[in-house]
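Novice: My questions concern the predicted model and sequence given below.
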Amino acid sequence: MSERWIPLDVDDTEVDPLAQFHRWFDEAAPEMREREAVTLVTATRDARPSARMVLLRHVGVDGFGWYSNYRSRKGREIEENPRAALLWYCEPLGRQIRVEGPVRHMAAAASDAYFAARPRGHQLGAHASAQSSVLASRTSLEERLASITAQFDGVDVPRPEQWGGFLLTPTYFEFWQHRRDRLHDRIAYEPTPDGWRRQRLAP
């Protein structure tokens, strides 16, 4: 862990947690190779959790968004239990951000626009892969890809109906700053009728 820590107090943070997220996210730009990578945690209806890395493709007043197959394990778990958590980690600056809240599908128009901007290989792969299902072999996947490639030869690849965006609406933020001796700084944000309440948490 880097010791390039910067003390963090409540008064050092923005009143709006989204502004604070952008501040740290922007400061991490020269420090990270894959700044958009976040851990996504979902759970089944009976509270069995699972985690994986996804790429954060949207951050706005409406929430935090990523794209995937709706029939994947994460998609099925969100369908059963439409709440999730995101964890963003920046090791060089000793920082992490937790974001939690309900999740819904993005509007079809937003998913269409993002899909149309993807590299063609990514578009074809979204059709070829039944994400999270059991594969007989790698060869079967490659054969499926070859079939899809031939099917869409010379034409635009449409977005599969089972593929699109997810949007998490934040109901909790936590900003964590590394400090020596494990006495880290933690600032949590929770919504109130008048905005967001900021408070320090014990490390």
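Specialist: Good, I have the coordinates.
Novice: what about the residue nearest to Arg71 when sequence neighbours are not counted, distance to Tyr189?
Specialist: Closest residue to Arg71 apart from its sequence neighbours, by CB to CB, 6 or more residues apart in numbering: Gln162 at 5.0 Å. Heads up, the C-betas are built off the backbone N, CA and C, glycines and all. Using CB to CB, to the nearest Å, we find Gln162 at a distance of 34 Å from Tyr189.
Novice: what about these two, which has more around it?
Specialist: Tyr189 (25 against 15; other CB atoms under 10 Å).
Novice: Could you name the helices and strands sitting against the top helix by length along the chain?
Specialist: In the chain, with assignment by DSSP state H, the single longest helix is helix 138-151. Packing partners of helix 138-151 (3 or more CB pairs under 8 Å, 6 or more residues apart in numbering; DSSP states H and E): helix 120-128.
Novice: Arg197 versus the residue nearest to Arg71, what's the distance?
Specialist: On the measure of CB to CB, Gln162 and Arg197 end up 39 Å apart.
Novice: got it, and Leu145?
Specialist: 50 Å.
Novice: what does Asp9 give?
Specialist: Distance from Asp9 to Arg197, by CB to CB: 15 Å.
Novice: quick one: contacts for the residue lying closest to Ser129 once chain neighbours are set aside?
Specialist: Using CB to CB, 6+ apart and skipping the chain neighbours, the partner closest in space to Ser129 is Leu141 (6.7 Å). Counting by CB atoms under 8 Å, 6 or more residues apart in numbering, Leu141 makes contact with Ala128, Ser129, Leu135.
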